[in-house]
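>>> let me see the structure of the following:
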Amino acid sequence: MKDYKQLVAQAVYTAIDGQLSEEEIMAKIERPKALNLGDYAFPAFVLAKVLRKAPQMIAQELVEKIDKTGFEKIEAVGPYVNFFLDKAEFSADILNDVLVNKEHFGDATTGENRQVPIDMSSPNIAKPMSMGHLRSTVIGNSIALLMEKSGYKPVKINHLGDWGTQFGKLMRAYELWGSEEEVKNDPINSLLGYYVRFHKEDVENPELDEEARDWFKRLEDGDEEATRLWKWFREESLKAFTTVYDRLGIEFDSYNGEAFYNDKMDEVVEILEDKGLLQESQGAQIVDLSEYDLNPALIKKTDGATLYITRDLAAAIYRKRTYDFAQSLYVVGNEQSNHFKQLKAVLKEMGYDWSDDIHHIPFGLITQGGKKLSTRSGRVILLEKVLDDAVSLAQEQIETKNPSLANKEQVAEEVGVGAVIFHDLKNERLNNFDFDLEEVVRFEGETGPYVQYSHARAMSILRKAGVKEIDPSKAYRLTDENAWETLRLLGDFPETVARAVAEYEPSVIAKYAIHLAKAFNKYYAHSKILVEDDQLEARLALVASVAEVLKESLRLLGVSAPDEM
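You can find the predicted model right below:
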């Protein structure tokens, strides 16, 4: 596909006799908000100082000078030079590009096949996955898909919370009240039940805490029974997590959690000592980060125990050695921003310039009724329950709208789960948002089901036309004014993907999908597509292209696109 913005920049560059470079012109070119103002606009006031003329006059003069080849028209509107593309040529170009490349339309080679570890999801063993885990999981997955489309090799890492004193409590609780059969039947709820009971009982029996510490010490020392229980609890928890991940359509390349780095922290402490970075402060070991306007990084507590940052330093070094990453991403809540600033600063002090390639990808909270979801206040919403409820709501709507649909249950699953994922990802990462399930699973409005339904509608039109595949070798010159907004949006897809990757922002794709679906539905409402005339093939080529790009947009968000709904 031609770079039409470049075409505009070249036309302006030739007309202004080198007053600005082509790159400078490219940076200034805008997209008018209204279609009737053209497809691209150059603001003439950027030349006002150099040419010492009013911007309106410069715009008028440029319109006279610019070569109109390849444009429908060029006109001056106030201080702007507005460019209208040749619709028929653009149509042939964009539809050909989509139909030839299909799901690879918008692919890039920016990443040069370099690896990008993405630390995401990271639930704690023996605790259920709540809605609080949704954001890290689906944002991380979408970023991985976007990275892959841009030529990177994402490595999805589920950095499990699988170590710590809570395991001592869990083992002591299991010893006192546990049952192997119970755990096998319902691992998460059983283990959580034991853990909760432990915290109730230790109020009256504080000696339980000492016994729990003994169990964790046994685990740290490699005791056979403690290790067996730890492995078993971890395996059973992973089985339960996997059922949720399977429904979300997410797989991981690594489940190396906190425990994996136990034998890798001594090296970190040695490097810090060798470089003279460790200082003693009130019996603890710290790295001074005042040069970075940060609080000291606490590496070892007074009792010699290591902390999260020690483990994360070991993980960062391990990932660099293992993956030689182009970037290393941590999809972790906004509240951890300071932790990652400290992590990067300590790595920098250690002499690792690749710390600049580490990026914290923060995100806001999911709230309910404006209040933060919290375990202590009892506002825990289990993720699996939300998915079940979303699927039920989708099923009800399918029964109403299309009761004879062949694979209703599968479509309801794809629509319900897709609705939850899409709703999360259409919100800008850093924003908090309120979760209302009925709003999420609506088939109308700016929702996942609306985009899925728009894709299914396009597929339905192609079925009615008896079209299985559109010949991509033809030039489809579609001149229908009603199709222009949709065509232009199709042309924006590669740039939209590039922006989403650069900003680590899946909402860019979700919003694009909503705009494309709306434009297509507006076109469908105003134009009769299945009319036998000389533009029929071109209209069907547009419908097929929209179906392809909507499907790919949804895929990049981790959402399915059913052919029928």
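>>> all strands for the stretch 301-450 of the chain, in order.
Using DSSP state E, counting those that start in this stretch, the strands of the stretch 301-450 of the chain run over 328-331, 358-361, 366-368, 371-372, 433-434.
>>> rebuild the ones you listed as a markdown table, extending it with mean pLDDT.
Converted to a markdown table, these look like this (pLDDT from 0 to 100):
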| stretch | mean pLDDT |
| --- | --- |
| strand 328-331 | 98 |
| strand 358-361 | 98 |
| strand 366-368 | 84 |
| strand 371-372 | 73 |
| strand 433-434 | 89 |
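>>> mind putting those strands in TSV, distance to Phe84 and mean neighbour count included?
In short, each C-beta sits where N, CA and C put it, glycine included. Formatted as TSV, the strands of the stretch 301-450 of the chain follow (distance: least, CB to CB, whole Å; neighbours: other CB atoms under 10 Å):
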stretch	distance to Phe84	mean neighbour count
strand 328-331	41	24
strand 358-361	39	20
strand 366-368	44	16
strand 371-372	50	12
strand 433-434	39	14
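>>> nearest to Val543, out of the ones you listed?
Taking CB to CB, strand 433-434 is the member of the strands of the stretch 301-450 of the chain nearest to Val543, at 33.0 Å.
>>> check which helices and strands the closest one sits against.
The helices and strands touching strand 433-434, judged by 3 or more CB pairs under 8 Å, 6 or more residues apart in numbering; DSSP states H and E, are strand 366-368.
>>> residues in contact with the strand it packs on?
Met131, Gly132, Leu134, Arg135, Leu373, Arg379, Ile381, Asp424, Asn432, Phe433, Asp434, Phe435 (CB atoms under 8 Å, 6 or more residues apart in numbering).
>>> out of the residues you listed, list just those in helices.
Those of the contacts of strand 366-368 mapping onto helices are Leu134, Arg135, Asp424, per DSSP state H.
>>> of the residues you listed, which is the most crowded?
Within the ones in helices among the contacts of strand 366-368, most neighbours by other CB atoms under 10 Å means Asp424, with 27 neighbours.
>>> would you confirm that it contacts Thr137?
No. Asp424 is beyond contact range of Thr137, at 9.2 Å (criterion: CB atoms under 8 Å).
>>> give me phi/psi at the closest residue to Pro32 other than its chain neighbours?
Nearest-residue entry for Pro32: Ala41, 5.0 Å, with adjacent residues in sequence omitted and distances by CB to CB, 6 or more residues apart in numbering. When read as degrees, to the nearest 10, the backbone of Ala41 gives phi -140, psi 140.
>>> any weak-confidence spans in the stretch 51-200 of the chain?
Of all residues in the stretch 51-200 of the chain, none has pLDDT under 70.
>>> for Val46, give me its contacts.
By CB under 8 Å, 6+ apart, the contact set of Val46 is Leu20, Lys28.
>>> ok, 10 Å please
By CB atoms under 10 Å, 6 or more residues apart in numbering, the contact list for Val46 reads Gln19, Leu20, Glu24, Ile25, Ala27, Lys28, Pro55, Ile58, Pro79.
>>> do Ala525 as well
Contacts of Ala525 (CB under 10 Å, 6+ apart): Asn482.
>>> in the stretch 351-500 of the chain, where is pLDDT below threshold?
Ranges of the stretch 351-500 of the chain meeting pLDDT under 70: 373-380.
>>> mind listing the helices for it?
Along the stretch 351-500 of the chain, the segments classed as helices by DSSP state H, counting those that start in this stretch run 383-401, 408-426, 437-440, 448-464, 484-503.
>>> and these, which is most packed in?
The highest average neighbour count among these, using mean count of other CB atoms under 10 Å, belongs to helix 408-426 at a mean of 23.
>>> and that one, what does it pack onto?
Packing partners of helix 408-426 (3 or more CB pairs under 10 Å, 6 or more residues apart in numbering; DSSP states H and E): helix 134-149, helix 224-248, helix 383-401, strand 433-434, helix 437-440, helix 448-464, helix 507-526, helix 536-556.
>>> how about 8 Å then?
Looks like helix 408-426 contacts helix 134-149, helix 224-248, helix 383-401, helix 437-440, helix 448-464, helix 507-526 (3+ CB pairs under 8 Å, 6+ apart).
>>> out of the contacts of strand 366-368, which comes closest to Ala259?
Nearest member of these to Ala259, counting by CB to CB, is Gly132, at 21.9 Å.
>>> count of residues packed around the closest one?
19.
>>> and it, how far is that from Ile366?
Using CB to CB, to the nearest Å, Gly132 is found at 7 Å from Ile366.
>>> got TSV for the helices and strands packed on helix 408-426, with distance to Leu192 too?
Converted to TSV, the helices and strands packed on helix 408-426 look like this (distance: least, CB to CB, whole Å):
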stretch	distance to Leu192
helix 134-149	19
helix 224-248	10
helix 383-401	14
helix 437-440	24
helix 448-464	30
helix 507-526	33
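>>> and the ones you listed: which comes nearest Thr69?
Across the helices and strands packed on helix 408-426, closest to Thr69 is helix 507-526 (CB to CB), at 28.2 Å.
>>> before we move on, back to that, out of the contacts of strand 366-368, flag the one nearest to Arg114.
Arg135 (26.2 Å).
>>> so who does Ala458 touch?
Residues counted as contacts of Ala458 (CB under 8 Å, 6+ apart) are Phe520, Val543, Ala544, Val546, Ala547, Leu550.
>>> which non-adjacent residue is nearest the fifth one?
The shortest distance from Ala547 to any residue that is not its chain neighbour, by CB to CB, 6+ apart, is 3.8 Å, and that residue is Ala458.
>>> tell me the domain ranges of the chain?
Residue ranges for the domains of the chain, per automatic domain parsing: 4-85, 383-556.
>>> distance from the longest one to the middle of the chain?
In terms of CA atoms, centre = their mean, to the nearest Å, the centre of domain 383-556 is found 18 Å from the chain centre.
>>> swap in the shortest one?
On the basis of CA atoms, centre = their mean, domain 4-85 is displaced by 36 Å from the centre of the chain it belongs to.
>>> distance between the ends of that domain?
Start to finish, the residues bounding domain 4-85 are 8 Å apart (CA to CA, to the nearest Å).
>>> circling back: the ones in helices among the contacts of strand 366-368 into TSV, with extra columns for distance to Ser290?
Formatted as TSV, the ones in helices among the contacts of strand 366-368 follow (distance: CB to CB, whole Å):
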residue	distance to Ser290
Leu134	38
Arg135	33
Asp424	38
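>>> what's the closest of those to Pro562?
Taking CB to CB as the measure, Asp424 is the one of the ones in helices among the contacts of strand 366-368 closest to Pro562, at 19.7 Å.
>>> OK, contacts around the spatially closest residue to that closest one that is not a sequence neighbour?
Of all residues beyond its chain neighbours, the one nearest Asp424 is Val138 (5.3 Å), with distances taken as CB to CB, 6+ apart. Val138 makes contact with Leu248, Ile250, Ile421, Asp424, Leu425, Pro506, Leu557, Gly558, according to CB under 8 Å, 6+ apart.
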